[in-house]
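Asker: predicted model, plus sequence, below.
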Amino acid sequence: MLSMSKVSCECGHINPEGTEICESCGKPLQHENKQVLNMRYEGVARRSQTYNKSIVDKIWNFFSSVKVGVWIIVLTLLASSLGTIFPQELFIPPNVDPAAHYAQEYGVAGKVYYTLGFHNLYGSWWYMGLIAALGTSLIIASIDRVVPLYRALKTQRVTRHTGFMKRQRLYGTSQPENVDETMAEAKELLKSKRYNIREENGNLVAEKNRFSRWGPYVNHLGLIIFLLGAMLRFFPGMYVDENVWVRDGETVVLPGTDGEYYLENEEFVLELYDEEDERFVESMARTSDPVVETFQTNAVLYEREQGDTIGVDGELTRIDEHPIEVNDPLTFDNFSVYQVDYKLNEFSDMSFELTNRETDEAVGQIDIDLFDPEDTYELDDGYAVDIHSYFPDFFFTDDGDPSTRSSVPDNPAFIFEMSGPDLEEPEISFVGIQQNMDVNGDNQYGMNFADLDTNHVTALTVRKDLTLPFLIVGGSIFMIGLIQGSYWAHRRIWLQRGEDGSVHLAGHTNKNWQSLKRDFEALSNQTELQVPADQIEEKEKKEEAEKENETSSRNEKE
Amino acid sequence: MAALSETLLLIAFFSYFASTILFAVSLTGKKWRNKEGDMSGNRWGTFGYTVAIIGFLFAMGYFFTRWAAAGHPPVSNMFEYTAFLGITLTLGFIVIYAIYKSNVLGLFTMPIAMLIIAYASIFPREVEPLIPALQSYWLHIHVITTAIGQGILAVSFVAGLVYLIRVIDTSKEQKNKQTFFLEFIMYCLASVLAFVVVSNAFNLAGFESEFNYVNELGEEAEITYNLPPVFGPHEGEVADENQMDALITMPDWVESEDLNTVFWSLASGLVLYGLLRLIFRKRLSYALKPVLKGVSPDKADEVSYRAIAIGFPIFTLGGLIFAMIWAQIAWTRFWGWDPKEVWALITFLFYAAYLHLRLSRGWHGAPSAWLAVIGFAIIMFNLIFVNLVIAGLHSYA
Ligand code: HEM
């Protein structure tokens, strides 16, 4: 708790310890001799400016300092820029070794980049640490200021101490002939400029847009909610991000949905821009590649009947259908299924003929499903073909052995074992695309390529992100606060009667002084009041003139 | 329709030119007397402002006719986006002038807007079809809002520049960091102008040099230069004898065509800057000083701040929030640490730092003005360098 040594002012108001300007009448309580008052937080007592003993005080003061806040922002900025020097790990080809990739592509610099962990910068502990410090600073700095500021703005009285008036940046006195009339005119004018007027003993304060003072705190609150929302992603169940490839006509279980949802790809459709389209002829003539206009998956969504155990094919109920396009996902039950990629004409089925090499006569044909080949294909008359080995994406290893890169049939190859009534031993043949060889050298039978079927494949991303509502709320609050604090300024104009029939004028705004001055100019045009002096500007002008005098006198001497 | 839109942009460009002249007259021409016979400035500034608005309306004419011709808002390649940024800069000026009536701001903003639009013209100008990810109205909302925000933020750069030229003593005797960097800004502006002129000149003349060369993978490749090849590609040979051969051949790891472009922009800038120095016989920032004699530094400082206060929320809305909405729909996630996104975040953080620094007095005036200059440099870096060099998802080229 805060300690209780209060500061009482001559006006009778009791201020909290550390107050610089009386919350009620505005009498300066500290720094008696300073020229213009520091009005940023109305001279209120802030915890960070008052206590500095315990460790909690020290942490509090550290994070509430704007200087520290700016450092955190700048460090985050610099750190973020480091991550764009070379691509992040996310963006390099998926099947390469990152260590080798960075060294190979970017030389020594790339090696250093990788060793320092910059290839995964935005997920690093120290980047997260910066963001955490930013959040902490936002919370502490805001609480430190908003509570006392709120109280001070609520407590302020109309009549102000002369010490307060004189030490405002805009201050002046006028000697109107008729004070009452002038004050009344001024009041009307300020009202027409949409100031709220409060009066007390013939004195007046005109105030507007006080709500804009809460702008920074509202936007900070929005940011805090946003950052917390972003953190929620790391809780299980909040976030799903899965990829799935679906072939034309195929139905697959949607990953990440606990086997609850299935999706059928009825047809994948790709459309190219018409090269004759007169809008684009010129630009399309510059490249020879066709430009894709749309690609979409005509999808049907199924839900598995309740009660069925996972892994067992339960009854599927059709619940929705939707053409999924880029920018137009299929959405259901917090999930969205997005179109992300495709592959045209992927091999799906291959047919071969078992042929007698001497007579060139075909014994029979086998059709192989490249995704699910059978072990043995029986043919008529006792002939059979066994698949000894299958390499969906065939290549020779460095040792010269056949092998496969993946299970996707981009370059299928087979080792067949052919047997039949006229063969004592099964014959072995290796068949791939544009390769066909006997393994032993003198085969009687061969496998001849007969036919190839292809299929389009669509790539979809299944995404669930339950953090989005938090981000939307945080982002909206942030924007509201930002607009509130940026597009309005809190202005106050004090008009106070002096003892000798004069009127004291003072003005304060938290920003945009030129605009406040224009209000005073309007006041002086319409009433007998004179525009108050800008004490800071005058001081600066004086300094500039002095400097110029110095240089010119120096020049004269030379 | 497409031809009409080009004409409208050209008219807008010349309106901005006329507006510049009017603003120049307003600052240097004779003062007018008002009814009471006092010297009270003149009306040339109001004329300049009116012509600027007319120019902006023509630019809008360009924008909507091209939209109609292409079937999508013209903000989807380098030419379209850069030209639009020049237009939003004038929009920002129109807004700020309405508040502060600053003629000197007009004198500086209009030529810089023209420079940006002219720079846009060196990129291919044909209407391009949109790939599927870009066919989203959220994308268009995002890009348009971002450009408006950046245009207004750019006004703060112009006002900051006015402030710096006004207050910094750039006479010959002064040699310090501030005079150096201020003069460096002058050189950069000259260099953009010179580069635009040179590129357009060679373009009009139909200059081309086609090379067969060996690229860094050791493969044969072809490349076309649109500027005379001072730096040619690795083992490059001109395809056609009548075309100009390279002066110097580069090793294979150098992007020789980019290097050539950089060389031309720096060199032509030096020539133009040198000529101007010869004419004025003093620093360019010093030569401009007399025009700014009547400018109040305090007001210039406030204009620069105000432009950021107005532009920052709009930039944030367009460059971060709308960007996230679009990314969520088109790329399945609202944020992906793509270089362009990161640089938008950096811009956001930079201006946030600026706003917080302004909370303390010591950062008003010159430090603020320099920050406004750096902010604009970040925006341009994001537009040019990140787009053309660190190509990410958003890459237009
Ligand atoms: C990226 C993060 C941040 C953003 C976007 C942000 C945004 C803002 C904005 C727009 C303002 C209003 C400025 C003006 O109107 O001139 C503001 C004020 C302020 N910010 Fe932040 N801020 C951030 C981080 C911080 C941090 C880390 C601190 C910690 C010290 C902080 C402390 C303050 C203070 C003390 C004010 C002045 C409040 C007032 O005038 O009543 N901000 N902030």
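Answerer: In hand now; what should we look at?

Asker: please count neighbours and contacts with C-alpha atoms only from this point.
Answerer: Will do.

Asker: what helix or strand is whatever residue of the stretch 1-150 of chain B ends up closest to the ligand located in?
Answerer: At 14.5 Å from the ligand, B:G149 is the closest residue in the stretch 1-150 of chain B, using CA to the nearest ligand atom. Using DSSP states H and E, B:G149 sits in helix B:137-167.

Asker: what residues of that helix count as buried?
Answerer: B:138-167 (16 or more other CA atoms under 10 Å in any protein chain shown).

Asker: what helix or strand is the nearest residue to A:R463 once chain neighbours are set aside located in?
Answerer: Excluding the flanking residues, the one nearest A:R463 by CA to CA, 6 or more residues apart in numbering or on different chains is A:D241, at 4.8 Å. Under the criterion of DSSP H and E, A:D241 resides in strand A:239-247.

Asker: that older thread, any idea how far chain A is from the residue lying closest to the residue of the stretch 1-150 of chain B closest to the ligand once chain neighbours are set aside?
Answerer: Spatial nearest neighbour of B:G149, excluding adjacent residues (CA to CA, 6+ apart): B:F315 at 4.1 Å. Using CA to the nearest CA, to the nearest Å, B:F315 is found at 11 Å from chain A.

Asker: surely B:F315 is in contact with B:T146?
Answerer: Yes. B:F315 lies in contact with B:T146 (CA atoms under 8 Å); the separation is 5.0 Å.

Asker: wait, isn't A:G172 in contact with A:A506?
Answerer: Yes. Using CA under 8 Å, A:G172 makes contact with A:A506 at a distance of 6.6 Å.

Asker: could you list the low-confidence segments of chain B?
Answerer: Residue ranges of chain B with pLDDT under 70: B:29-41, B:388-397.

Asker: need the strands for the stretch 151-300 of chain A, in chain order.
Answerer: For the stretch 151-300 of chain A, strands defined by DSSP state E, counting those that start in this stretch occupy the ranges A:170-174, A:196-200, A:203-208, A:239-247, A:251-253, A:261-272, A:292-304.

Asker: mind checking which of those is nearest B:T50?
Answerer: strand A:203-208 (31.9 Å; CA to CA).

Asker: pLDDT wise, what is A:I366 at?
Answerer: pLDDT for A:I366: 90.

Asker: neighbours of residue 187, how many?
Answerer: Just so you know, I chose chain A. Residues lying near A:K187 (other CA atoms under 10 Å in any protein chain shown) number 22.

Asker: my question was about chain B
Answerer: B:Y187 has 19 nearby residues by other CA under 10 Å.

Asker: list the buried residues of stretch A:14-25.
Answerer: A:N15, A:P16, A:E17, A:G18, A:T19, A:E20, A:I21, A:C22, A:E23, A:S24, A:C25.

Asker: one more: stretch A:39-50?
Answerer: A:M39, A:Y41, A:E42, A:G43, A:V44, A:A45, A:R46, A:R47, A:S48.

Asker: and the closest residue to A:G229 other than its chain neighbours, what element?
Answerer: Counting by CA to CA, 6+ apart, A:G229 lies nearest to A:F470, which is 5.1 Å off, once chain neighbours are set aside. Under the criterion of DSSP H and E, A:F470 resides in helix A:468-486.

Asker: just A:T458 next, same as before
Answerer: Here A:T458 is assigned to strand A:445-465, by DSSP H and E.

Asker: centre of the chain to that strand, how far?
Answerer: Chain-centre distance of strand A:445-465: 36 Å, with CA atoms, centre = their mean, to the nearest Å.

Asker: what does stretch A:491-510 give?
Answerer: With CA atoms, centre = their mean, you get 47 Å for stretch A:491-510.

Asker: one more: stretch A:482-495?
Answerer: Offset of stretch A:482-495 from its chain centre (CA atoms, centre = their mean): 30 Å.

Asker: now do stretch B:74-86
Answerer: 11 Å.

Asker: ditto for stretch A:266-283
Answerer: That offset, for stretch A:266-283, works out to 33 Å (CA atoms, centre = their mean).

Asker: and that stretch, how far apart are its ends?
Answerer: 34 Å (CA to CA, to the nearest Å).

Asker: state the mean pLDDT of the lengthiest helix in chain A.
Answerer: Using DSSP state H, we find that the single longest helix of chain A is helix A:125-155. Averaging pLDDT along helix A:125-155 yields 92.

Asker: ok, now which ones touch B:L85?
Answerer: B:I116, B:I117, B:A147, B:I148, B:Q150, B:G151 (CA atoms under 8 Å, 6 or more residues apart in numbering or on different chains).

Asker: reformat the residues you listed as TSV; add distance to B:L383.
Answerer: Output for those, formatted as TSV (distance: CA to CA, whole Å):
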residue	distance to B:L383
B:I116	11
B:I117	13
B:A147	10
B:I148	14
B:Q150	11
B:G151	12
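
Asker: ranges for the strands of chain B?
Answerer: Secondary structure of chain B, counting by DSSP state E: strands at B:209-214, B:220-225, B:231-232, B:237-238, B:248-249.

Asker: which residue sits closest to B:A113, ignoring its sequence neighbours?
Answerer: B:G86 (4.6 Å).

Asker: tell me, how many residues neighbour B:L105?
Answerer: Count around B:L105 with other CA under 10 Å applied: 25.

Asker: ok, now which ones touch the residue lying closest to it once chain neighbours are set aside?
Answerer: Among residues not flanking B:L105 along the chain, B:A159 sits closest, at 6.3 Å (CA to CA, 6+ apart). Residues in contact with B:A159 (CA under 8 Å, 6+ apart) are B:L105, B:A300, B:D301, B:V303, B:S304, B:A369.

Asker: with the residues you listed in mind, which one is nearest to A:N209?
Answerer: So of the contacts of B:A159, ranked by how close each gets to A:N209 (CA to CA), first place is B:V303, at 20.3 Å.

Asker: tell me which residues touch the closest one, please.
Answerer: So B:V303 contacts B:I96, B:Y100, B:S156, B:A159 (CA under 8 Å, 6+ apart).

Asker: go with 7 Å
Answerer: Contact analysis of B:V303 by CA atoms under 7 Å, 6 or more residues apart in numbering or on different chains lists B:S156, B:A159.

Asker: what of A:E89?
Answerer: Taking CA under 7 Å, 6+ apart as the test, what A:E89 contacts is A:H119, A:N120.

Asker: how much space between it and the ligand?
Answerer: 26 Å (CA to the nearest ligand atom, to the nearest Å).

Asker: can you check B:V271 too?
Answerer: 42 Å.

Asker: for B:L227, see how far away that residue is.
Answerer: 17 Å.

Asker: how about A:T251?
Answerer: In terms of CA to CA, A:T251 sits 55 Å off from B:L227.

Asker: between those two, tell me which one has more neighbours.
Answerer: The residue with more neighbours, out of A:T251 and B:L227, is B:L227; 21 against 17, by other CA under 10 Å.

Asker: and A:L37, its phi and psi?
Answerer: With angles defined as degrees, to the nearest 10, A:L37 sits at phi -70, psi 140.

Asker: and for A:F335?
Answerer: According to degrees, to the nearest 10, A:F335 has phi -100, psi 150.

Asker: burial count for the residue nearest to it when sequence neighbours are not counted?
Answerer: Nearest non-adjacent residue to A:F335, counting by CA to CA, 6+ apart: A:K464, 4.6 Å away. Number of residues near A:K464 (other CA under 10 Å) recorded here: 24.

Asker: do I have it right that A:K464 meets A:E242?
Answerer: No. With contact defined as CA atoms under 7 Å, A:K464 does not reach A:E242; the gap is 9.2 Å.

Asker: alright, calling it a day.
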